[in-house]
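1. sequence unavailable; structure follows:
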């Protein structure tokens, strides 16, 4: 058995035009393989479009963590909570929550964090390689300011981050407190009483990055099928031989499913179940004066702000309310109100937000119950692979995932760094 695509049987077809799928297609094409991409809508139009654009090491952790379930239960009936859980009468959702709870032990969190950190080891080097090859990554590395209203909370957060960093990336020795804290970034309000800077953390314009990858793929002859939905697959002898789309059938030598929240339906067509749930996140853009120079993390409220282009993108929340993309305006208001503690009174009344903000967005970030992505060959299929479940880390982990998965597709041998992201772990 080998994942090596066979000559004369068509291209490797990557299903999904988000950052993860496009990075995978890029590295496959760079290795000289014929590649085609199939995307239901436009490139970068899904979760890649509206996220905060962070490329960071200090926040690359699994969401299931000690205490997170207790925090989620306190959010019941509180749609303004940073983590909002709305129970559904759905057995699959209940099973997912049960497995999520089982994955939130200290030992499971440490294992998951270590796995992500190892995959993340070459992230900035890979971004540098993309830029040097002419890809418009839009990456800048202004660093991330962590802002808090309480010095006690700031020191607690810093202590945890320093322990997790384990010298893999630079962390400050202490917290800046008092009147000097808000001076770490001009956009911060005097209400910020403690802050610290993690140097070197990055940010991209995620939609522009996806566009840049698409342009690089087109320049190397990769055919991109936009507005083409995958309906089914043709298989023979344990191999996928063609991808059936609304625009016709695409013969293939191998297939990679990197379709975010659409992945479970596609994997089901190949006989596999994937327990994926949408962790809905919200964002919007606003013009601030002064605008932040760094990416910002608002500690107590778990909201964020990013300088993207000539605007500021403010985002936050994790909403577990089923696999849908319904925009709840109360959540937009909650994020805006949370940001006002740290950015000052940039609006007076929630009714003002309709005229002040642009591009209100909601996206279903794909989460598996243990908080780790699955990056693997599908059991029982010689030439079918998947990369999904990256949650909030799709932009950060996109190049690393694509690079390592391309290696797996080409050689047929799983790189050791992908062992924690095996498909069969989800059966337990």
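-> Yep, it's here. Just so it is clear, the model here is predicted, and its values are computed rather than measured.

2. which non-adjacent residue is nearest residue 176?
-> Ranked by C-beta to C-beta, 6 or more residues apart in numbering and with sequence neighbours excluded, the top spatial neighbour of residue 176 is residue 195, at 5.5 Å. Placement of C-beta: from N, CA and C, glycine included.

3. partners of the strand or helix carrying the one you found in the sheet?
-> Assigned by DSSP states H and E, residue 195 belongs to strand 194-198. Here strand 194-198 is paired, per DSSP bridges, with strand 144-148 (antiparallel), strand 176-177 (antiparallel).

4. where do the helices sit along the stretch 51-200 of the chain?
-> 68-74, 91-102, 106-119, 123-132, 151-165 (DSSP state H, counting those that start in this stretch).

5. out of those helices, which gets nearest to residue 298?
-> For the helices of the stretch 51-200 of the chain, the distance to residue 298 is smallest for helix 151-165, at 11.1 Å, taking C-beta to C-beta.

6. JSON lines for the strands paired with strand 194-198, including mean neighbour count and distance to residue 85?
-> As requested, the strands paired with strand 194-198 are exported to JSON lines (neighbours: other C-beta atoms under 10 Å; distance: least, C-beta to C-beta, whole Å):
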{"stretch": "strand 144-148", "mean neighbour count": "27", "distance to residue 85": "25"}
{"stretch": "strand 176-177", "mean neighbour count": "19", "distance to residue 85": "33"}
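
7. can you list those strands in CSV and add distance to residue 409?
-> Below are the strands paired with strand 194-198 laid out as CSV (distance: least, C-beta to C-beta, whole Å):
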stretch, distance to residue 409
strand 144-148, 33
strand 176-177, 47
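
8. among the ones you listed, which is nearest residue 301?
-> Taking the strands paired with strand 194-198 one by one with C-beta to C-beta, strand 144-148 is closest: 9.8 Å.

9. run the angle between that closest one and helix 151-165 for me.
-> Orientation note: strand 144-148 sits at an angle of 140 degrees relative to helix 151-165 (axes from the mean of the first three to the mean of the last three C-alpha atoms, to 10 degrees).

10. just checking, residue 215 touches residue 136?
-> Yes. At 7.1 Å, residue 215 counts as touching residue 136 under the criterion of C-beta atoms under 8 Å.

11. comparing these two, which residue is more hemmed in?
-> residue 136 (16 against 13; other C-beta atoms under 10 Å).

12. contacts only, for that one.
-> 208-209, 211-212, 215 (C-beta atoms under 8 Å, 6 or more residues apart in numbering).

13. check residue 245 too.
-> Here residue 245 is in contact with 38, 225, 228-231 (C-beta under 8 Å, 6+ apart).

14. follow-up on the earlier one: now the contacts of residue 136 in JSON lines, with secondary structure?
-> Compiled in JSON lines, the contacts of residue 136 are given as follows (DSSP: H, G, I helix; E, B strand; the rest coil):
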{"residue": "208", "secondary structure": "helix"}
{"residue": "209", "secondary structure": "helix"}
{"residue": "211", "secondary structure": "helix"}
{"residue": "212", "secondary structure": "helix"}
{"residue": "215", "secondary structure": "helix"}
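
15. which one of these sits closest to residue 163?
-> Nearest to residue 163 among these, with distances taken as C-beta to C-beta, is residue 209, at 31.2 Å.

16. around the closest one, how many other residues sit close by?
-> 26.

17. so it makes contact with residue 18?
-> No. Counting by C-beta under 8 Å, residue 209 stays clear of residue 18, with 10.3 Å between them.

18. pLDDT below threshold where in the stretch 1-150 of the chain?
-> 1-4, 6-9, 69, 71-80 (pLDDT under 70).

19. and if we set it to 50?
-> 1 (pLDDT under 50).

20. closest to residue 356 out of the helices of the stretch 51-200 of the chain?
-> Across the helices of the stretch 51-200 of the chain, closest to residue 356 is helix 151-165 (C-beta to C-beta), at 28.6 Å.

21. quick one, domains of this structure?
-> With domains defined by automatic domain parsing, the chain comprises 1-66+105-138+203-276+368-428, 139-202+278-367.

22. let me have the ones you listed in TSV, extended by distance to residue 99.
-> Below are the domains of the chain laid out as TSV (distance: least, C-beta to C-beta, whole Å):
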stretch	distance to residue 99
domain 1-66+105-138+203-276+368-428	4
domain 139-202+278-367	11
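
23. return the most buried member of the ones you listed.
-> Neighbour counts (mean count of other C-beta atoms under 10 Å) averaged over each of the domains of the chain peak at domain 1-66+105-138+203-276+368-428, with a mean of 20.

24. re earlier: of all the strands paired with strand 194-198, which lies closest to residue 263?
-> That would be strand 144-148 among these, by C-beta to C-beta, at 29.7 Å.

25. picking up where we left off before, among the contacts of residue 245, which two are most distant?
-> Farthest pair in the contacts of residue 245, by C-beta to C-beta: 225 and 231, 12.8 Å.

26. re the thing from before, and the strand holding residue 195, how far out from the chain middle?
-> In terms of C-alpha atoms, centre = their mean, to the nearest Å, the centre of strand 194-198 is set 23 Å apart from its chain centre.

27. show me what it is in contact with.
-> 56, 58, 143-151, 153-155, 158, 161, 169-172, 174-177, 181-182, 184-185, 188, 294.

28. 6 Å - rerun?
-> Contact partners of strand 194-198, identified using C-beta atoms under 6 Å, 6 or more residues apart in numbering, comprise 58, 143-148, 151, 154, 158, 172, 175-177, 181, 184.

29. looking at those, which is nearest residue 361?
-> Among these, and counting by C-beta to C-beta, the member closest to residue 361 is residue 144, at 21.2 Å.

30. bridging residues for the closest one?
-> Assigned bridge partners for residue 144, using DSSP bridges, are residue 198, residue 295.

31. how much space is there between it and residue 185?
-> 10 Å (C-beta to C-beta, to the nearest Å).

32. mind listing what residue 34 touches?
-> residue 11.

33. would you list the phi and psi of it?
-> Main-chain torsions, residue 34, degrees, to the nearest 10: phi -70, psi 130.
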